[in-house]
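[1] Need a 3D model of the sequence below.
(2 chains)
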Amino acid sequence: MIGSQQSESSSGYADIFIGIAILAGISLVIAWATHQSHGLPETGGISLAYGKLPLYAAYSWLRMAVAYVISLAFTMVYAYYAAYNKRAEKILIPLLDILQSIPILSFLPVVLLAFIGLFPHSHLGVNLASIILIFTGQVWNMVFALYHGLITIPRDLRESALSLQLTPWQRFRTLELPFSMGGLVWNSMMSWSGGWFFLMAAEMFSLGHHQYQLQGLGSYLQTAANQGRWGKEVLGLAALIAVIVAMDQLVWRPLLAWSDKFKMEMVEGEVQFHSAVLVMLRRSRIVGWLQTAVLIPVVEAVDGFFGVGIPQWRARSTWIGSLTGLLRTLITAAVIFALFTALEGGIRLAASLNLQTVLIVSLATGATLLRVVASLAISVAWTVPVGVWIGLNPRYAKSLTPISQIAASVPATALFPGLVALLFVLGGGLTIASVLLMVLGTQWYILFNVIAGASAIPEDLKEAARMFGLKGSHIWRTLILPAIFPYLITGIITAGGGAWNASIVAEYVSFRDHIYTTFGVGALIAKDSTDGHFAALLLATSVLSLTVVIINRLVWRPLYRQATDRYSLS
Amino acid sequence: MTTTEPERTGSLLKILGVTKMYSQPDNYDILVLDDINLAVERGQFVALLGPSGSGKSTLLRIVTGLSEPSFGTVLYRGRPVSGPNPHASMVFQSFALYPWLTVQQNVELGLTAKGIGLAARREKAIRLIDLIGLNGYEDAFPKELSGGMRQRVGFARALAVDPELLCMDEPFSALDFLTAENLRSELLDLWIDAKIPLQAILMVTHGIEEAVYMADRIIILSKNPARIAEDLAISLPYPRNRKSAEFVQLVDLVYKIVTGSDEDQKARPIQLGPQHKNIQTPEGERARLSPIPYGHLSMLTGLLELVSDRGGRDDLYRLGAELLLEVDDLLPVTDTAELFHLAQVDEGDLILTEQGRRFADVDVAERKNIIRRELIAIPIFRLIERVLASKSNHAMALDFFLDILEEHFSKEQAERQLMLAINWARFADLFHYDTDTELLYLADDQIDDAEVIENGTGRDHSERIE
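    Next up is the predicted model:
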C-alpha cells in the first residue's frame, strides 16, 4: 500500500538527486573513517560474572532508549516537513523509500571506524556508532507512519479544525498527533524490536584483531560463546528475553491498548488490545491526580503560550517567517557544501579503483545475492507448509502463537555467536553456516505472515472448496496459495531486508581470536574497512545499496502491487 | 470577536459573482460554480438544493472561508471573507467528531481555540449538551453513540462558539429516517423559539422534502456547472404538515424544477466555460464528450418494468417515495433511460417511449441488443470502439482512454466514467476489458460490428469538419 504510493511521487530528477546525495553521504562517512588515528582504545574484557548481567542489560537498554528518542524527534521534523511542504515532499519521500531499503548493517564497520576516529581514546565513539546504527535502522518506518497519518487525515476533520479556529499547536495535539498515533505506536514497537538486531551486532563486532566491544548484552553473549561457557550463554539470552518481554508488557502493550482510542473507526473493532497494566494505570489514584494536577494545567499553559486564534499567529509570523527563511537558506547552503566536498572526495577515491577491484566487488555481491536467495528459499520451503497447517488449525495457532512470538522476539544477531560456535564444533565451513545464519534471521517474518494469511481465509471459500471436492495440489493452487500470496510477499520483502542486513555478520565472524570469512560483499566490506581500502569500501557499499534498491524496485514492488490488487481478499 | 462591531444594516452574507474552477493539467479547467450571486438576510433559513455533484458543498465551504473562490468574493457583514469565518460554524454530514475526544471535549473544542478558560469552557459545554438533549453522555466517546446522538454532538459543538451563521452540509443524510425526522424538528424548535443566538442558517441538502419542511427560502442549483436555477420563498407557517395540500404541491413544484433544470442542461452542448483556453483541435470530437450518467443497468431495468406495468407513465416524486429513493438516486437512472431513448421525463413524470415499452417486454438477449445499438451512438463508446477497431491487434491500454477523458473531466471523474463505460459495454457485449493486463479489447465476434461503426462514423466525422 505504501509502496505504490511512493513510486508515484518519485520523479526522475528526484531519483538522480537522491542517488547523488546518498553516494555523497557514504563517501562522507568513509572520508571520516580515513582520518581515524591509530592506537584505538581496546575495551576492557567483558566479565561473565552473574552480578554484571543487570548492568549490561541496563547499558544495552539505555543505548536503545537514546536511539529511540532521537528517532522520535527526527520523525516529527521529517514527517511534518514532508507532509506540509509540497516541494520538500518530492525529494524527502523517495529518499525515505530508498534509505529504508538499504541494508544499514553493512555500514557497521565504516560507521564504527568513523566514530572511533572522531572520538579517539574514549568509548563515546563506539557508543555513538551503535546508537547511530540503531537510529538509521529504526527511524524510517516511524517517519512513514507519521507522514502517512498526516496526509490521510480526513478532509472533514481538517475542515472542522479550521472552522473551529484551532491554532497550529492545538491542531497538532488534538488532530494530527492523535490521528497518527496508532501507526506511530505500532511502528515504534516494530522499530524497537528491529533495534535489538542492530544493537546486538554493534556490541559484539570486532574488526581485525581489535576488540571494540561495548559493555552490554551483545558482548556478553559473544564472550560467553567464545569461551564455550554454554550456561552463561543461555543465561545471557534469558536476560535479553526478559528485557524484551518486560518492555513488551510494561511499555508497548499498554501503549498499543491506549492508542486504540485514537482509531478512526466509529464502531468497536474486532481486534482489541487489552493490557492489564494500562487498566491498572488508568484506575490508579496517583495517575489520576497527576492528570488533573499536572497534565491539564501544563496543557492549558502551553495552549496559552502558543497563542490564541489563527489571525494572531499570522500577524506574528512575518518576522518568524523571515528568520526561518534565512535559517533555511543557510542550512541549504551548508548541506550543499558538505555534499559537494564529500562527493568530490568520493570521486577522487573512485579514480583510484582498478578493474580487478570492480570485478571482485561485483562477484562478491553476486555471491551474497545467491546466499540471500538461498536463505529465502529455505525459509519459504519450510514455513509455507507449517504456517498453512498452523493457520488452518486455529486450535494449534492459539497455543503456538505465544511460543513463536517469544522465539521471534529474540534478535537473530543475538543467537549468532552461539550458533557459530556450534557450527564450528560440528564442522562445516562458514559458507554453509552463513546461509543458515541468514535463515535464522529471516524465517520468522515469513512464518508469521503465512500463519496470518492462512487463518484469514474466509470460511465460505473453504466450504466451497470442500463442496466441490477439491483436493491435494488443486486446493493449494486455487485456494491456499492465492489467498496467502499477499502475506507471503510481505513476509519475503521483510525477510529479504533482514537477510541482506545479516550478511555482514554472517560472512565475517570472529571466533576464539580468529577471523573467519567467506566470499561475499559483507565480508569484503568488513575486510576493506580494517585494511583501509577505502576506494574498494566505497564501491562495495554503493554497489550493495544499489543492488538492493534495484531488486526492490524491479522485483518486489511489482509483485507486491499485484498481490494487493489481484489476490487481496478484502 | 469584539473587534468587529456587528453591523445592523445590510445583508448578513453576500455572495458576489463566485466562480470556482479546478484546474487540470493541459489547461482544461473544470468549472464547478459559475457566477453565483446571492444575499442572505438576518433571520433566514436558506436551503441550497441541488443534485449531487452540483457544487453546493463547495459553495458552502467558500461561504465559511474553508475554500477560496477562483473569482468573486463573499462579503460577511460587508467585509470580505478570507480564511475561516469566525462568526460561522459548520455541521458536517459525516459529523466530523474527533473519536479520541469525549462528547464534552468535542463540544469544548471551539471554545479551547478561543482561549476560554477551563471552568467557563466546562460550564458552557454542559449547558449546550443539556440544550441538545445529551445530558448524561458527557464522558462518552463518539463511537459509543448512535448516529443521531453523534450529530447532536456535532450541533452542540457548532453552537458552542455562539455563531451567527450556522452552515450545515447535508446534516441529516447519514441518519436513518426516524432519527433524522426527530432531529430536524428539534433543530427547528430551537431556531423558531430563538433559543440559540443564530442570525441565519444555510443548509446544503439534496432532499426536496427536507428543504420544503425546514427552510423559508430554497435556492435550487443546476448541475455542471452549478448556477442558480431558482430562488423560491417558502411561506408556509411552522410547524409544517407534510400531508397538507400546500406542502405536497410545493414539493411537486420543486421536483419539477429540479428534474426540469437538469433537462435544460442536457439540451445545451458540453459546458466548456468561456474561460477555457487552448482548444486547438477541431470542435467535432472533443466538444461532443459529455459525461454519461451513473445509472445502474439493473436499477434501470427494474424501473422500466415497474413503469411499464403501470401503463408506461408514472409520477417521479411518487415513484421515489415508494422506492425510498431520494431524487439524487433516481435521477441518474432516469437520465440513463433518456440517454438510451427508453423513456423521457416530462413535468415530473417518467414516460416510456416505444423502445422503452419493448425493452420492458423482451428477454435479456434482446435487451442487450437494444442497449448495444444505443451505446454505439454515444460519443465516448464510439471513440473507444473506433480506436479498438483501427488497431491491428484490436486492443488498447486503459491509460490511453483515461488520458483522453482527463482532458474533459477531472481525474477521478474520468476514471469513474471509463469504469462505468466498461461496465455498460460488458453488459452489451460491445468490447471487453481485462483487469490484469489493463487492456480494452474486441473479441472476434465484436470486430465485425466495430468495423461497420468505424466506417460509418468516419464518414460522418469528415463531413462534419467540412
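[2] Return the distance of residue A:538 relative to chain B.
    Using C-beta to the nearest C-beta, to the nearest Å, residue A:538 is found at 41 Å from chain B. To be clear about C-beta, it is placed using only N, CA and C from the backbone, and glycine gets the same treatment.
[3] Contacts only, for residue B:93.
    A:156, B:169, B:170, B:171, B:173, B:174 (C-beta atoms under 8 Å, 6 or more residues apart in numbering or on different chains).
[4] Quick check: residue A:217 vs residue A:241, distance?
    Going from residue A:217 to residue A:241 by C-beta to C-beta, to the nearest Å gives 10 Å.
[5] Looking at the two, which is more packed in?
    Neighbours were tallied for residue A:217 and for residue A:241 using other C-beta atoms under 10 Å in any protein chain shown; the higher tally belongs to residue A:217 (26 against 15).
[6] which residue sits closest to the more buried one in space, ignoring its chain neighbours?
    Nearest residue to residue A:217, sequence neighbours excluded (C-beta to C-beta, 6 or more residues apart in numbering or on different chains): residue A:60, at 4.6 Å.
[7] so that neighbour sits right up against residue A:203, yeah?
    Yes: contact status for residue A:60 versus residue A:203: in contact at 6.9 Å, counting by C-beta atoms under 8 Å.
[8] Now the stretch 351-500 of chain A against chain B: closest residue?
    Using C-beta to the nearest C-beta, the closest approach of the stretch 351-500 of chain A to chain B is made by residue A:482 at 13.1 Å.
[9] Assign that residue to helix, strand or coil.
    The local conformation at residue A:482, judged by DSSP: H, G, I helix; E, B strand; the rest coil, is helix.
[10] Run through the residues that contact it.
    Residue A:482 makes contacts with residue A:567, as judged by C-beta under 8 Å, 6+ apart.
[11] Which pLDDT value goes with it?
    Looking at residue A:482, its pLDDT stands at 88.
[12] Next, count neighbours for residue A:355.
    Residue A:355, neighbours per other C-beta under 10 Å, totals 7.
[13] For it, grab phi and psi.
    Note on residue A:355: backbone dihedrals following degrees, to the nearest 10 are phi -60, psi -40.
[14] From residue A:361, how far out is it?
    11 Å.
[15] Where does the prediction get shaky in the stretch 301-450 of chain B?
    For the stretch 301-450 of chain B, residues meeting the criterion pLDDT under 70 lie at B:449-450.
[16] who in it is up against chain A?
    residue B:436 (C-beta under 8 Å from any C-beta of the partner chain).
[17] Next, count neighbours for the residue in the stretch 301-450 of chain B that chain A sits nearest to.
    Distance from chain A to each residue of the stretch 301-450 of chain B (C-beta to the nearest C-beta) is smallest for residue B:436, at 6.9 Å. Around residue B:436 there are 8 other residues, counting by other C-beta under 10 Å.
[18] on that earlier part again, now, the contacts of residue B:93 that are in helices?
    Secondary structure from DSSP state H places residue A:156 of the contacts of residue B:93 in helices.
[19] So which of the contacts of residue B:93 sit within strands?
    Using DSSP state E, the subset of the contacts of residue B:93 located in strands is residue B:169.
[20] mind putting the contacts of residue B:93 in JSON lines, neighbour count, pLDDT and distance to residue A:286 included?
    Converted to JSON lines, these look like this (neighbours: other C-beta atoms under 10 Å in any protein chain shown; pLDDT from 0 to 100; distance: C-beta to C-beta, whole Å):
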{"residue": "A:156", "neighbour count": "16", "pLDDT": "89", "distance to residue A:286": "38"}
{"residue": "B:169", "neighbour count": "23", "pLDDT": "92", "distance to residue A:286": "45"}
{"residue": "B:170", "neighbour count": "20", "pLDDT": "91", "distance to residue A:286": "47"}
{"residue": "B:171", "neighbour count": "26", "pLDDT": "92", "distance to residue A:286": "43"}
{"residue": "B:173", "neighbour count": "16", "pLDDT": "87", "distance to residue A:286": "47"}
{"residue": "B:174", "neighbour count": "16", "pLDDT": "85", "distance to residue A:286": "42"}
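[21] Cool, thanks, signing off.
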